[in-house]
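Asker: any chance you could fold what I've pasted below:
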Amino acid sequence: MANIDLNTRVIQNVNSEDLVAVLNGIIDAELNKDIAEMNTVLIDDCVDALLEIEKERNKHFAVLVPFISPNEFLRIIQPNKNNWKNLSVFARAGIVAAVLASTTITVNAAYKSVTGNDLYEEVGNAIYSKLAEWGLVDKKDKDEFVYIEKTTAGETTNVIEEITEQETSKTVKLAKPQSKTQIDQFDGEDDDIEEITTRSYIDQLDGEDDDDETTTRRKPVPTTVTPVTAPTSSEDEQVILLSLSADYSDDFKLDYIYGETLSYDGLTLTAHYSDGSSREVKLSECNYTKSVDMTRTADYTLRIIYEKCVITIDITVRPDDYTRGAEICENDLYDYMLTSKGAYITKYKGSETVIDIDTIDGSRVVAIGANVFDGLDITDFSSENCEKIFGEAFKNCTKLETCYTPRVKYIGSSAFENDAALSVPVFNYDLSYIGTAAYKNSGIKELYLTPYIKNVPDELCENCADLTTVDLRGAETVGKNAFSDCISLKTVNGTDGLTEAYDFAFYNCSQAEFENKPAKLTYAGTNAFAYCNKIEFGKLYITAVSPYAFAYCHNLTEVEIDGKVRIIPEGSFRGTHLEKLTLNEGTQEIDDTAFMSTSITEVYLPSSVTRIGTYGLYSVKLKDVYCTKNLKTIETSAFFRSKLTLHVYKNSYAHNYAIENNIKYEIIDDGENGVIQLEGEDD
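Answerer: Have a look, this model is predicted:
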């Protein structure tokens with residue numbers, strides 16, 4: 001989008017009506033040129049400004065449009081981003097400037113003493129009123145706008161500052177924390193037992209492991225029975241409870257993983273009495289531990305109390321099947337869990353910047369747990385045996401240059417996020433899982449995925465400014481923001497199997513080229529390919545599309561849209577060099593700017609189409625539009641008058657529209673007559 005030369009003086013001195021005239025003058029001047037000399041980008045900019053003037057009741061907002069970059073403009077107008085707090089800093093400043101330009105308030109040091117009014121409150125209210133009028137704020141936001149007068153180099157300037165809402169301080173009564181090794185005492189008369197005993201605790205892991213392999217189940221720990229001494233009595237001997245025992249079946253679980261539910265299935269309790277008898281006791285007759293925290297790695301002790309007898313049972317909670325029942329260990333440098341496969345590191349306690357660890361206390365290192373090295377100043381890491389790197393393991397390691405783990409099969413979410421010095425990604429041909437944002441904001445230059453990864457995760461390489469080459473190896477979907485703003489990306493391989501690209505998947509990858517045309521692509525999310533100027537798409541058959549999905553994709557030339565797409569959304573093909581468009585029966589609406597500034601010369605509308613939105617088919621090259629009897633709405637000057645012929649049915653809405661707007665038209669022969677009607681001729 002080219003900039004229109006509108007400076008501050010123009011904003012202050014040109015009212016909305018004058019601006020409309022200026023913009024229309026620019027459009028007319030360009031349209032009078034030969035097509036080869038015509039600046040269609042400049043025309044688009046002028047049309048954008050006119051659209052905003054028409055859309056907004058307060059005309060001053062319109063003049064802000066030319067100053068907003070194409071990328072920022074598309075972000076601002078997306079769904080769910082239409083309130084004050086979600087606007088960019090630039091947009092807020094522009095809006096405030098527009099309000100001040102339109103206000104009649106005079107600022108000077110003596111304002112309050114002369115008028116008796118509080119300037120801060122008056123201007124703050126003025127800003128709030130304008131924003132409320134535009135629907136950008138509500139009542140609860142009013143106190144966030146404070147007018148401040150600042151003096152710099154002897155000059156007074158007016159600044160609107162937003163005050164960040166602070167959290168209200170609250171007083172909360174908390175129970176006195178218990179020691180991690182403290183065991184509560186029970187006398188048999190307590191209510192339901194909710195407290196548990198934590199014997200050992202280590203940092204949480206992210207639990208994203210989908211590995212089906214499990215460690216060897218440890219044998220049940222022998223039940224601890226607390227006997228009760230029988231009291232003596234001068235009376236006749238009474239039958240009393242001596243002890244309580246527990247038996248386990250194969251169904252009773254001692255080792256849990258995150259998310260599982262504590263269960264006593266498979267446990268049988270038996271009470272033993274002084275007369276030699278015994279009976280089975282139901283769990284409902286006892287007080288017992290009903291829950292433990294299944295979101296952290298720990299060893300717990302369950303307790304069951306029946307009258308004066310207490311049974312304790314040791315259980316474990318671990319992140320995943322990979323570590324189910326693993327022993328918690330530690331040494332001077334590491335906390336780790338010992339699994340049947342090897343050591344699973346959960347915490348690093350050292351300060352070395354170069355780490356080379358293949359074994360720990362004689363066991364192979366097979367996994368790096370979540371957050372282990374997060375934010376540390378390590379520069380190099382190496383582990384020959386490591387197979388899994390869990391979420392955020394190396395996040396914010398801004399000095400990390402190399403991570404050598406040749407056997408890695410699993411990389412968790414945000415594992416290397418913000419690692420700006422990391423130029424070579426972790427890779428292994430057996431890599432079967434990679435998580436969300438694994439390399440987001442990192443310094444990697446190349447990325448090669450394996451055929452096992454069919455779905456490229458969200459934000460995988462978002463904002464990797466140095467990334468130049470990507471090999472998707474036949475991936476079928478690309479997640480949200482996966483390669484958004486990878487401004488140096490030039491080569492993308494393995495796209496011949498791509499079927500879906502979600503919101504902002506390749507947004508603003510203006511240098512990227514696909515080695516293979518994505519012939520199977522059927523869905524593109526919001527801004528999925530916006531500003532991908534060099535990608536050659538070939539012919540696409542689209543079954544679902546979102547706003548601005550292909551905006552300004554210059555090498556998109558042919559599209560067929562399935563009839564399941566009821567509404568072709570706003571700006572979805574805007575600025576493409578689309579030459580051939582096929583619409584199928586079922587499509588009902590062409591939304592605002594959907595095909596604006598394309599290279600289409602003719603459009604055949606299916607009978608299901610009832611509406612063409614503002615500038616929905618606006619193009620300098622469009623010559624013929626074949627309308628249907630069912631067309632009911634054509635919004636704001638959708639066509640160029642001198643270039644276009646509307647093909648209409650006699651007395652239809654399109655026919656009347658052409659007459660009212662002085663557009664050339666021809667009557668379609670519907671079998672009843674063969675009349676051809678041209679502009680200005682009588683019936």
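Asker: for N39, which non-adjacent residue is spatially closest?
Answerer: Sequence neighbours aside, E30 is the residue nearest to N39 in space, at 5.5 Å (criterion: CB to CB, 6 or more residues apart in numbering). All C-beta spots, glycine's among them, are computed from the backbone N, C-alpha and C.
Asker: confirm that that neighbour sits in a helix.
Answerer: Yes - secondary structure assignment (DSSP: H, G, I helix; E, B strand; the rest coil) places E30 inside a helix.
Asker: so what's S442 up against?
Answerer: S442 sits next to 416-420, 422, 425, 461, 464 when contact means CB atoms under 8 Å, 6 or more residues apart in numbering.
Asker: roughly how far does it sit from A415?
Answerer: Distance, S442 to A415, by CB to CB, to the nearest Å: 10 Å.
Asker: okay, now the unreliable bits of the stretch 451-600 of the chain?
Answerer: For the stretch 451-600 of the chain, no stretch is flagged by pLDDT under 70.
Asker: start and end of stretch 257-266, how far apart?
Answerer: Counting by CA to CA, to the nearest Å, you get 18 Å between the two ends of stretch 257-266.
Asker: for the contacts of S442, give me TSV that also has neighbour count and distance to T598.
Answerer: Below are those laid out as TSV (neighbours: other CB atoms under 10 Å; distance: CB to CB, whole Å):
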residue	neighbour count	distance to T598
F416	27	41
E417	22	38
N418	21	40
D419	24	41
A420	17	40
L422	22	41
P425	23	38
C461	25	30
C464	26	31
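Asker: quick check, L472 in contact with T499.
Answerer: No - using CB atoms under 8 Å, L472 is not in contact with T499; the gap is 11.9 Å.
Asker: the residue nearest to N39: neighbour count?
Answerer: 17 (other CB atoms under 10 Å).
Asker: repeat that for S363.
Answerer: Residues near S363, counting by other CB under 10 Å: 16.
Asker: setting aside sequence neighbours, what's the nearest residue to it?
Answerer: A343 is the one closest to S363 (CB to CB, 6+ apart), at 4.4 Å.
Asker: return the residues in contact with that neighbour.
Answerer: Shown in contact with A343 (CB under 8 Å, 6+ apart): 329, 336-337, 359-361, 363-367.
Asker: tally up the residues packed near V310, please.
Answerer: V310: 19 neighbours (other CB under 10 Å).
Asker: who are the packing partners of the strand or helix carrying it?
Answerer: Element membership of V310 [criterion: DSSP states H and E] is strand 309-318. Counting by 3 or more CB pairs under 8 Å, 6 or more residues apart in numbering; DSSP states H and E, the packing neighbours recorded for strand 309-318 are strand 224-225, strand 241-248, strand 255-257, strand 298-306.
Asker: nearest to T526, of the ones you listed?
Answerer: Nearest to T526, of all the helices and strands packed on strand 309-318, is strand 255-257, at 37.1 Å by CB to CB.
Asker: pull the residues that contact that closest one.
Answerer: 207, 217-218, 262, 294, 315-321, 323-325.
Asker: at 7 Å instead, please
Answerer: 217-218, 294, 315-321, 324-325 (CB atoms under 7 Å, 6 or more residues apart in numbering).
Asker: show me which of the residues you listed are buried.
Answerer: Buried by 16 or more other CB atoms under 10 Å: 315-321, 324-325, out of the contacts of strand 255-257.
Asker: turn these into TSV, columns for pLDDT and distance to Y452.
Answerer: As requested, these are exported to TSV (pLDDT from 0 to 100; distance: CB to CB, whole Å):
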residue	pLDDT	distance to Y452
I315	95	35
T316	95	31
V317	94	30
R318	92	25
P319	89	22
D320	87	19
D321	88	19
R324	93	24
G325	93	28
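Asker: picking up where we left off before, more crowded one of L472 and T499?
Answerer: L472 (27 against 14).
Asker: any idea how far N331 is from the more buried one?
Answerer: Taken as CB to CB, the span from L472 to N331 is 42 Å.
Asker: with distance to K253 added, can I get the buried ones among the contacts of strand 255-257 in a markdown table?
Answerer: Below are the buried ones among the contacts of strand 255-257 laid out as a markdown table (distance: CB to CB, whole Å):
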| residue | distance to K253 |
| --- | --- |
| I315 | 8 |
| T316 | 10 |
| V317 | 11 |
| R318 | 12 |
| P319 | 16 |
| D320 | 15 |
| D321 | 13 |
| R324 | 10 |
| G325 | 10 |
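Asker: ok, so of those, who is nearest K539?
Answerer: Nearest member of those to K539, counting by CB to CB, is D320, at 45.2 Å.
Asker: and Y657, what element?
Answerer: Here Y657 is assigned to helix 653-660, by DSSP H and E.
Asker: okay, buried residues for that helix please.
Answerer: So for helix 653-660, counting by 16+ other CB under 10 Å, buried means 653-655, 657-659.
Asker: so what are the sheet partners of the helix or strand following it and their directions?
Answerer: As assigned by DSSP H and E, the chain's next helix or strand after helix 653-660 is strand 665-667. Here strand 665-667 is paired, per DSSP bridges, with strand 645-648 (parallel).
Asker: does L376 count as helix, strand or coil?
Answerer: When the rule is three-state DSSP, L376 gets the label coil.
Asker: ok, the one 10 residues further on next?
Answerer: Three-state assignment for C386 (three-state DSSP): coil.
Asker: and it, what pLDDT?
Answerer: Listed pLDDT for C386 reads 96.
Asker: and the one 5 residues further on, by the same measure?
Answerer: Per-residue confidence (pLDDT) for G391: 93.
Asker: quick check: it touching F416?
Answerer: No - using CB atoms under 7 Å, G391 is not in contact with F416; the gap is 10.7 Å.
Asker: hmm, L605 and Y626 touching each other?
Answerer: Yes - using CB under 7 Å, Y626 makes contact with L605 at a distance of 6.2 Å.
Asker: compare these two (neighbour count), which wins?
Answerer: L605 (20 against 16).
Asker: distance check, that one against L581.
Answerer: 10 Å.
Asker: same question, D335
Answerer: D335 is 62 Å from L581, by CB to CB.
Asker: same question for S414.
Answerer: Using CB to CB, S414 is found at 41 Å from L581.
Asker: any idea of the mean pLDDT in stretch 331-338?
Answerer: Computed over stretch 331-338, the average pLDDT equals 95.
Asker: list the buried residues for it?
Answerer: For stretch 331-338, by 16+ other CB under 10 Å, it's 333-338.
Asker: can you tell me which of these is nearest T301?
Answerer: Closest to T301, out of all of the buried residues of stretch 331-338 and judged by CB to CB, is M337, at 18.7 Å.
Asker: ok, back up a step: of the contacts of S442, the lowest pLDDT goes to which?
Answerer: Among these, pLDDT bottoms out at P425, giving 92.
Asker: would you agree it falls within a strand?
Answerer: No - secondary structure of P425 (three-state DSSP): coil, not part of a strand.
Asker: quick check: it vs S382, distance?
Answerer: 15 Å.
Asker: same question, T526
Answerer: 41 Å.
Asker: between these two, point out the one with more neighbours.
Answerer: The neighbour comparison of T526 against S382 (other CB under 10 Å) goes to T526, with 24 against 15.
Asker: just confirm that one contacts D503, I think it does.
Answerer: Yes - between T526 and D503 a contact is recorded at 4.5 Å, counting by CB under 7 Å.
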